[in-house]
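# heads up, no residue letters with this:
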């Protein structure tokens with residue numbers, strides 16, 4: 001009996017060590033570049049009053065996580081900003097709640113309701129929708145608004161709604177030679193640390209360091225406005241993962257891949 005217990009305990013310890021080792025390996029494999037690297041990234045061009053900026057958000061909250069400070073700055077200088085919300089946040093029956101939150105948050109960032117476009121696709125199901133129809137909708141939006149900057153997800157984003165959106169929008173922007181500021185929201189073990197750390201800089205994952213990252217440094221006021229806007233996403237802040245993701249986005253800067 002004693003030998004059996006010893007063997008079972010040894011097997012348990014080996015299992016724990018193995019799991020911890022695998023986790024540590026994964027974290028190290030997907031770590032961010034060090035804080036000191038922030039100064040090696042170029043500063044993105046600041047918004048100007050003449051800019052027409054189209055922001056593409058796969059879900060309610062992506063616009064603020066990725067570009068809340070930039071959007072607020074753009075509106076303060078008089079730039080025209082429209083935001084396209086691609087999916088409706090209808091998981092768990094929260095469609096109306098999340099739409100209301102999105103409207104309140106974007107208002108805090110300075111976007112009037114008439115500058116919001118709702119495509120109303122089901123949350124988490126974008127890859128299963130008619131891709132040609134979505135492409136045509138974006139084509140019409142781009143032709144109508146005539147943006148000189150599009151802020152949209154990057155294809156390296158691990159959420160399928162994000163990568164699907166990127167694959168649709170990217171060729172349209174390229175065809176019209178529109179400058180793109182692409183963002184990352186979902187990526188393994190990123191951002192680091194996964195917690196509220198407003199005193200730190202946001203750095204890209206080490207595996208994606210070679211991309212053309214540019215930083216947009218927020219003023220203390222812009223960082224505060226972004227934090228206050230995020231607090232309006234109460235339905236997401238109730239749960240651990242979205243709460244960590246939302247709060248981790250409040251840093252001294254935002255990051256964009258310029259194309």
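Nice, I can see it. Treat the numbers as computed from the prediction; the structure is a model and nothing was measured. Numbering: from 1, shown residues only.

# Helices of the stretch 151-259 of the chain, residue ranges please.
160-175, 220-230, 234-237, 240-248 (DSSP state H, counting those that start in this stretch).

# Redo the ones you listed as CSV? Include distance to residue 137 and mean neighbour count.
(Glycine included, C-beta is placed from N, CA and C.) Shown next, in CSV, are the helices of the stretch 151-259 of the chain (distance: least, Cβ to Cβ, whole Å; neighbours: other Cβ atoms under 10 Å):
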stretch, distance to residue 137, mean neighbour count
helix 160-175, 9, 19
helix 220-230, 26, 19
helix 234-237, 26, 16
helix 240-248, 27, 15
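
# With mean pLDDT and distance to residue 195 as added columns, please give the ones you listed in CSV.
Output for the helices of the stretch 151-259 of the chain, formatted as CSV (pLDDT from 0 to 100; distance: least, Cβ to Cβ, whole Å):
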stretch, mean pLDDT, distance to residue 195
helix 160-175, 98, 22
helix 220-230, 97, 14
helix 234-237, 95, 13
helix 240-248, 94, 6
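
# of those, which approaches residue 185 most closely?
Nearest to residue 185, of all the helices of the stretch 151-259 of the chain, is helix 160-175, at 6.3 Å by Cβ to Cβ.

# State the distance from the residue nearest in space to the middle of the chain to residue 202.
By Cα atoms, centre = their mean, the mean C-alpha position of the chain lies nearest to residue 185, the distance being 3.2 Å. Using Cβ to Cβ, to the nearest Å, residue 185 is found at 11 Å from residue 202.

# And residue 54, by the same measure?
When residue 54 is compared with residue 202 (using Cβ to Cβ), they lie 22 Å apart.

# what's the lengthiest strand in the chain in contact with?
Of all segments of type strand in the chain, defined using DSSP state E, the longest is strand 80-87. For strand 80-87, contacts defined as Cβ atoms under 8 Å, 6 or more residues apart in numbering pick out 51-60, 63, 71, 74-75, 99, 102, 106, 110-111, 115-126, 134, 138, 141, 145, 147, 161, 165.

# my read: the residue nearest to the centre of the chain touches residue 67, true?
No. Using Cβ atoms under 8 Å, residue 185 makes no contact with residue 67, being 10.3 Å away.

# who touches the nearest residue to residue 104 once chain neighbours are set aside in this structure?
The shortest distance from residue 104 to any non-neighbouring residue, by Cβ to Cβ, 6 or more residues apart in numbering, is to residue 232 (4.9 Å). Contact partners of residue 232, counting by Cβ under 8 Å, 6+ apart, are 101, 104-105, 108.

# Name the residues linked to residue 85 by a beta bridge.
With DSSP bridges as the criterion, residue 85 is bridged to residue 57, residue 118.

# returning to what we had before: mind listing what's buried in the longest strand of the chain?
80-87 (16 or more other Cβ atoms under 10 Å).

# Need those residues in CSV (columns: distance to residue 43).
Rendered in CSV, the data for the buried residues of strand 80-87 read as follows (distance: Cβ to Cβ, whole Å):
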residue, distance to residue 43
80, 22
81, 20
82, 24
83, 24
84, 26
85, 28
86, 29
87, 32
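
# Name the nearest of these relative to residue 38.
residue 81 (25.8 Å).

# For that closest one, give its distance to residue 253.
Distance from residue 81 to residue 253, by Cβ to Cβ: 19 Å.

# what does residue 122 give?
Residue 122 sits 33 Å away from residue 253, going by Cβ to Cβ.

# same thing with residue 182?
Residue 182 sits 16 Å away from residue 253, taking Cβ to Cβ as the criterion.

# which of these two has more neighbours?
residue 182 (26 against 21; other Cβ atoms under 10 Å).

# Now do residue 28, the pLDDT please.
Note for residue 28: predicted pLDDT of 44.

# Hmm, residue 138 and residue 172 touching each other?
Yes. Counting by Cβ under 8 Å, residue 138 is a contact partner of residue 172 at 5.8 Å.

# Great, nothing more from me.
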